[in-house]
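Asker: need coordinates for the following:
(2 chains)
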Number of protein chains: 2
Amino acid sequence: MAEKRYLFTPGPTPVPHEVLEAMSRPIIHHRSSDYLAMFESCLERLKLVYRAAGDVLMYTGSGTAGMESAIVNLCAPGDRVVVVSAGYFGERWTTMARGFGCDVDEIRYEWGESPSSHDLAARLRESGGAKVVFLTHSETSTGVVADVEQLAAAAKDAGALVVVDAVSSLGAVPLETDAWRLDSVISGSQKALMTPPGVATVSVSADAFAAAAADGGARYYFDWERTRDAQERSDPSFTPAVSVVIGLEVALGLLLEEGLEQAFDRHTRLGRACREGVKAMGLELFSPDDDRSAVVTAIVAPEGLNSGELVQTLRSRLGIVLAPGQGPLKGRVFRIGHIGYYDIFDITTALAGVELVLAEAGADIERGVAVTRAMEAFEHSHV
Amino acid sequence: MAEKRYLFTPGPTPVPHEVLEAMSRPIIHHRSSDYLAMFESCLERLKLVYRAAGDVLMYTGSGTAGMESAIVNLCAPGDRVVVVSAGYFGERWTTMARGFGCDVDEIRYEWGESPSSHDLAARLRESGGAKVVFLTHSETSTGVVADVEQLAAAAKDAGALVVVDAVSSLGAVPLETDAWRLDSVISGSQKALMTPPGVATVSVSADAFAAAAADGGARYYFDWERTRDAQERSDPSFTPAVSVVIGLEVALGLLLEEGLEQAFDRHTRLGRACREGVKAMGLELFSPDDDRSAVVTAIVAPEGLNSGELVQTLRSRLGIVLAPGQGPLKGRVFRIGHIGYYDIFDITTALAGVELVLAEAGADIERGVAVTRAMEAFEHSHV
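Answerer: Just a heads-up that it's a prediction; the model follows:
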C-alpha cells in the first residue's frame, strides 16, 4: 500500500476534499463574471472571519508578503516603530522593518515567553510613543498565543497604529479586528483557513488607509490603495492565484458553516487533548499549559534526544510529519500543529506515533496512556 | 447539460488534466523531502525552458511581482533606465520604475507598433546609456512579439543590463536567456507554462546579481539574494504556493516532453491558422500578420460593433471566453489567446463562435470559410 501521510506542520495544513475538488476544476478567467461573483463571496466570508466591517485585501503571496505590505504602506524610512518579539516571527517583523529603514524599538522576550501589555505600555510611555506597533498573535515557533486584545489596547492608548501577524491564528483562536481596534491584520490561506498556500489576506482600517495615503513611500505590487480600488471596481490589478482563491472561498464556507465559535472551541479542546496526552507520557511541554495555547503544541525532546532526528524518524518510519524547532530551539523542541482541518483522531495519531518512536529510541516515557488521556480531555472538556 | 466553457484569454490559460490532478492531491510540507525533490526538478525544468545555465528564482506572486523584483533589486532612486514601451505592459514598466524613483527615459510607440532596435541604439547613444533597459517580449495587449534578440543586443552594446517581461511568451515563442545575454527574464505560471496563476519565475544573470548586491536598496520579500540562498540550501524563506509549484513541475514536464522547438512550431502554426481564418471571414487583423505573432491574435471589431459587447455575447451565448481590448483599444479590438495548452480545434472553436456571433450582429462577413481555411493553414504550414 502507498504510505499514508499525516501532516501536523503548522502550515501548510491539511486541505479538505471539498477544497481540493473545487481547485481541480478547469481554470477560469479572473475578470469573468464567474470569478468575480466567487471573489465577492470570498471577501464577504473573509470579513466575517476577520470580524471586520472594513476592507480585507487579498495578495498573491505568502504571509510574509502580507507583512511587507503593512510595512511599506505605513512606514517611511526613519519612522519610529515598536516590535513586540518573542520568537521567530516577531524577529521577522524587526528584520523587515529595519530593512525598510524604520527606527525599530524592539521589546524582545525570550523565545517561549508571553509578551506583557504592561511592558508595552511602559515602553511607549518612556519613549514618547511610536507610529506603529507590530505584534504577533500566534508565535508559531513557540506555540505561544499572545493576548493581542490587551497589547493592542496599550498601543492604541498611546496613539499608535496596531499591526498584527495573525497568519497562524486567524480562524483558530478568537481575534476581533474591529472590536480590538486592530489597524491591520495579516493572515494566509494555508493555516486555519484550510487552503493551499498562495494568498495573503490583509485587513486595513480607515486610519491605516489614511496613514498610507499620507506616507507616499515607494510601492507598487503591495500598494493598499491600488488593491482596494481594484477590488472595489472588480478589476484585479494583477492576475490573482485563481485556484487558491477558489479553494479559499470553499474553505471559508466550511469554516463559517461549522461556526467560528465552534471552531475556536474545537481548537481549544484539541490543544487540551494534545497537552494532556503529552503530559501523560511524561514529556515536558515547551508551549504554555493553558487554553490560550490552542494552535501549536511545542514539546521538549527527552534528555539526550535530538528533536530534529525525532521528527525525521516519525516521518520516515510512520509517515507522520511534525515540525522541528527553529532558531535557538533547533534540536530541543518538536511541534505538533493543530490548526484548521483537524479532529481528535489526528491528535491521537500524532501521540501514538510519538509514543512509539520515543519508546524505540529508549526514552523513559509512560506507555499506553497518552491516547486515552487525550480522548478523555477532548470529550469532557467543552469550553 | 452544464455549459462547457472555452477559455481563450491570454492568461490564465487552460490547464492540462495531468496538472490539475497533481494539484488535487493532499498537500505536502514545503520543507519535506517530497517537496524539495519535486522543487529541484521544477527548477531544472525551468532552466531548460529558459535556456539559462544560471539561477531561475521562484516567487509566490503574479507576473507583476516578478517585474517588481527586477526593479527593486537593480534600481536605486535616481538611476537612469530606459523602457521600450508599445502597449499596456510596456507602460507598466514605466509606471513601476517611476514609482520606485527611477529616472525613466521612455521610448514610447503607438500601441500595436513593433519596437525597433535601431531606435533603442540611437537613444542610448544620444543619452549616454542607461543602467537598465526594460523590454516586453510579448505585448499581450496588442499581440506584438518584439524582436528581443536585436533589442537586447543594442542594449548590451551600450553597456546596459537587460530585463525582459516574458510573462506571456516564455515557452510559446523562442527566447534564449543565455545566448541573447538577457540579465533577467520574468515569466509566470499561468501562460505558456500551462499552470494556474500564483508563481512568478525570474532568471538572474551573474551581472544582475552583482548589480543587486552593489545596489543595497530596501527590499525583503523580493530580495534576489535571499531567494537564491534559500533555493540553494533547500530551505524556502517563505511558504511557497505548494500546489501551484507541484502543478508547474508537471506542466514543464509536458512541455519538455513535447519539445520546446515543437511547442514553438505549434504556436507559430496556431497563429497562422487563427490569422488565416480571421482574414477569410473578411476581418481586419490588429496584430501583425507575420509568424512572430504567435501568442495572441488581436482583431479589429467590424465597423459599428463594440468589441467589448462582442466578447460579452460570445461568453453568454456560447461559453467562449475571449479578451477585450485594453486602454486605447477598448471597444475597438478583441483578442484570441493561443498560449500554452491549445491545438487547432481550439482555434476552429473560437473562429466558429466569432463567425456566428458576428453574423447574428449583422456584420458583413464571409461565412463558411474560416474554419476550413484555418485547418488548411495549420496542416500545411510546417515551420
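Asker: A:Lys121 and A:Val163: what is the separation?
Answerer: Check again: residue A:121 is Ala, not Lys. A:Ala121 is 17 Å from A:Val163, where distance means CB to CB, to the nearest Å. To be clear about C-beta, it is placed using only N, CA and C from the backbone, and glycine gets the same treatment.
Asker: so for those two, which sits in the more crowded spot?
Answerer: Taking other CB atoms under 10 Å in any protein chain shown, A:Ala121 and A:Val163 do not tie; A:Val163 has more neighbours (31 against 17).
Asker: after the strand or helix carrying the more buried one comes which helix or strand?
Answerer: Element membership of A:Val163, judged by DSSP states H and E, is strand A:161-165. Following strand A:161-165 in sequence order, the next helix or strand is strand A:184-188 (DSSP H and E).
Asker: who are the packing partners of that next one?
Answerer: Contacts defined by 3 or more CB pairs under 8 Å, 6 or more residues apart in numbering or on different chains; DSSP states H and E place strand A:184-188 against helix A:63-74, strand A:161-165, strand A:199-204.
Asker: how about the contacts made by the spatially most central residue of chain A?
Answerer: Among the residues of chain A, the one closest to the centroid is A:Ser168, at 1.0 Å (CA atoms, centre = their mean). Going by CB atoms under 8 Å, 6 or more residues apart in numbering or on different chains, A:Ser168 touches A:Pro10, A:Gly11, A:His137, A:Ser138, A:Thr140, A:Lys191, A:Ala192, A:Val295, A:Val296, A:Ile339.
Asker: give me the mean pLDDT for the strand holding A:Val163.
Answerer: For strand A:161-165, mean pLDDT rounds to 98.
Asker: picking that back up, out of the helices and strands packed on strand A:184-188, which comes closest to A:Glu21?
Answerer: Nearest to A:Glu21, of all those, is strand A:199-204, at 18.2 Å by CB to CB.
Asker: what ranges do the strands span in the stretch 201-350 of chain A?
Answerer: For the stretch 201-350 of chain A, the strands defined by DSSP state E, counting those that start in this stretch cover A:284-285, A:296-300, A:320-321, A:323-324, A:333-337.
Asker: so which of the ones you listed is nearest A:Ala208?
Answerer: Among the strands of the stretch 201-350 of chain A, strand A:296-300 sits nearest to A:Ala208 (CB to CB), with 28.1 Å.
Asker: now do the buried residues in the closest one.
Answerer: Neighbour counts over strand A:296-300 (16 or more other CB atoms under 10 Å in any protein chain shown) mark A:Val296, A:Thr297, A:Ala298, A:Ile299, A:Val300 as buried.
Asker: how about stretch A:35-47?
Answerer: Within stretch A:35-47, the residues that count as buried by 16+ other CB under 10 Å are A:Tyr35, A:Met38, A:Phe39, A:Cys42, A:Leu43, A:Arg45, A:Leu46, A:Lys47.
Asker: now swap in stretch A:286-304 and tell me
Answerer: Within stretch A:286-304, the residues scored as buried using 16+ other CB under 10 Å are A:286-288, A:291-302.
Asker: can you list the residues that contact the strand holding A:Val163?
Answerer: Contact with strand A:161-165 is made by A:63, A:67, A:70, A:74, A:89, A:93, A:131-137, A:148, A:151-152, A:155-156, A:175, A:181-186, A:207-208, A:211, as judged by CB under 8 Å, 6+ apart.
Asker: quick one: low-confidence parts of chain A?
Answerer: Along chain A, the model assigns pLDDT under 70 to residues A:1-2, A:383.
Asker: contact residues of the stretch 201-350 of chain A facing chain B?
Answerer: Proximity of the stretch 201-350 of chain A to chain B, by CB under 8 Å from any CB of the partner chain, involves residues A:218-221, A:237-244, A:315, A:321.
Asker: 6 Å - rerun?
Answerer: Contact residues (CB under 6 Å from any CB of the partner chain) of the stretch 201-350 of chain A with chain B: A:Ala218, A:Tyr220, A:Tyr221, A:Phe238, A:Thr239, A:Ala241, A:Val242, A:Ser243, A:Val244, A:Val321.
Asker: widest-spaced pair of those?
Answerer: Spanning the widest gap among these are A:Ala218 and A:Val321, at 40.0 Å by CB to CB.
Asker: what residue in the stretch 251-383 of chain A comes nearest to chain B?
Answerer: The nearest approach of the stretch 251-383 of chain A to chain B comes at A:Val321, 5.6 Å away (CB to the nearest CB).
Asker: and the closest residue to that residue other than its chain neighbours, how many residues sit next to it?
Answerer: Nearest non-adjacent residue to A:Val321, counting by CB to CB, 6 or more residues apart in numbering or on different chains: A:Leu7, 5.0 Å away. Look at A:Leu7: counted by other CB under 10 Å, it has 22 neighbours.
Asker: for A:Leu57, same thing?
Answerer: 25.
Asker: cool, and A:Arg51?
Answerer: By the criterion of other CB under 10 Å, A:Arg51 has 18 neighbours.
Asker: next one: phi and psi at it?
Answerer: Per-residue torsions, A:Arg51: phi 50, psi 50 (degrees, to the nearest 10).
Asker: that one touches A:Leu175, doesn't it?
Answerer: No. Applying CB atoms under 6 Å, one finds A:Arg51 not in contact with A:Leu175, separated by 7.2 Å.
Asker: mind jotting down where the helices sit in the stretch 201-350 of chain A?
Answerer: Along the stretch 201-350 of chain A, the stretches classed as helices by DSSP state H, counting those that start in this stretch are A:206-215, A:224-232, A:242-258, A:260-280, A:307-318, A:344-360.
Asker: could you give the angle of the third one to helix A:260-280?
Answerer: For helix A:242-258 and helix A:260-280, the angle between their directions (axes from the mean of the first three to the mean of the last three CA atoms, to 10 degrees) works out to 90 degrees.
Asker: next: the second one.
Answerer: Here the directions of helix A:224-232 and helix A:260-280 differ by 120 degrees (the same axes, to 10 degrees).
Asker: same check, this time on the fifth one
Answerer: On the basis of the same axes, to 10 degrees, helix A:307-318 is oriented at 100 degrees to helix A:260-280.
Asker: how about helix A:307-318: buried residues?
Answerer: Within helix A:307-318, the residues that count as buried by 16+ other CB under 10 Å are A:Ser307, A:Gly308, A:Leu310, A:Val311, A:Thr313, A:Leu314, A:Arg315, A:Leu318.
Asker: quick check: the fourth one vs B:Trp180, distance?
Answerer: According to CB to CB, A:Val311 and B:Trp180 sit 45 Å apart.
Asker: what do you get for A:Val84?
Answerer: According to CB to CB, A:Val84 stands 50 Å off from B:Trp180.
Asker: same check, this time on A:Ser141
Answerer: Per CB to CB, A:Ser141 is found 44 Å from B:Trp180.
Asker: for A:Leu46, same thing?
Answerer: From A:Leu46 across to B:Trp180, the span is 44 Å (CB to CB).
Asker: quick one: A:Val81 and A:Val133 touch, right?
Answerer: No. Contact criterion CB under 6 Å: A:Val81 and A:Val133 do not qualify, at 7.1 Å.
Asker: between the two, which has more neighbouring residues?
Answerer: Each of A:Val81 and A:Val133 has its neighbours counted (other CB under 10 Å); A:Val133 has more, 28 against 25.
Asker: quick one, phi/psi of the more buried one?
Answerer: Dihedral angles for A:Val133 - degrees, to the nearest 10 - are phi -110, psi 130.
Asker: not counting its neighbours along the chain, what's nearest it?
Answerer: Per CB to CB, 6+ apart, closest to A:Val133 is A:Ala155, 3.9 Å.
Asker: can I assume A:Met58 sits in a helix?
Answerer: No. Judged by DSSP: H, G, I helix; E, B strand; the rest coil, A:Met58 forms no part of a helix; its state is strand.
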